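Enquirer: Structure here, sequence nowhere to be found:
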């Protein structure tokens, strides 16, 4: 079973890239599952609802339900690995970048030791202005971290954490064709190594 994590700031195009990965392997006849966090489970919906609020308490509630939602997906992973050739998690460890700056590396290190980590870690990167524009174009309710200033702070922490880990970073501000080509090369390289 191939397990891939796709992460990045809000509006970076994580779900789109995950779909491209799914199409890449599905075209080969493989069975592919995408698990997006927060999910549509009760835990994921609670996390998402809290993210639409403001303040530290709502942030803590969103984080708590997010962690529980991810743990639920990990529990399902044992069963899913029997049904699917490839499983893609959208949002996983980089949620720790939403912690205060001093706590983010400690949170990342803590969860990296506690949770299973696949070797295929993909960070989808865009500048905060592009992300904010994409979020605006979705026309959905904005979450507490979805403004340029917050996106900039979270992106700084995510890039810092990614450089400490073994993340492959894809610049998603380039053309779709260019990003897809880079993605295909990355997937082929991973498949030749892992």
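Expert: Yes, it's here. On a predicted model such as this, the values are computed, not experimentally measured, just so you know. Numbering: from 1, shown residues only.
Enquirer: Show the pLDDT at residue 63.
Expert: For residue 63, the model assigns a pLDDT of 87.
Enquirer: so where's the protein uncertain?
Expert: In the predicted model of the chain, no residue satisfies pLDDT under 70.
Enquirer: So in it, which helix runs the longest?
Expert: helix 56-83 (DSSP state H).
Enquirer: Just the buried positions in it, please.
Expert: 59, 61-63, 65-70, 72-73, 77, 80 (16 or more other Cβ atoms under 10 Å). Quick note: C-beta positions are derived from backbone N, CA and C, even for glycine.
Enquirer: Could you dump those residues into CSV and include distance to residue 45?
Expert: Shown next, in CSV, are the buried residues of helix 56-83 (distance: Cβ to Cβ, whole Å):
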residue, distance to residue 45
59, 17
61, 12
62, 11
63, 15
65, 8
66, 11
67, 15
68, 12
69, 9
70, 14
72, 12
73, 14
77, 21
80, 20
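Enquirer: For the residue located most distally from the centre of the chain, give me phi and psi.
Expert: Within the chain, the residue lying farthest from the chain centre (Cα atoms, centre = their mean) is residue 29, at 24.8 Å. Main-chain dihedrals, residue 29, degrees, to the nearest 10: phi 90, psi 10.
Enquirer: list the contacts for the nearest residue to residue 151 once chain neighbours are set aside?
Expert: Leaving aside its chain neighbours, residue 151 sits nearest to residue 128 (3.8 Å; criterion: Cβ to Cβ, 6 or more residues apart in numbering). Listed by Cβ atoms under 8 Å, 6 or more residues apart in numbering, the contact partners of residue 128 are 9, 148, 151, 152, 155.
Enquirer: Could you pick out which of these are located in strands?
Expert: Among these, no residue falls in strands (DSSP state E).
Enquirer: which among those gets closest to residue 179?
Expert: residue 9 (15.8 Å; Cβ to Cβ).
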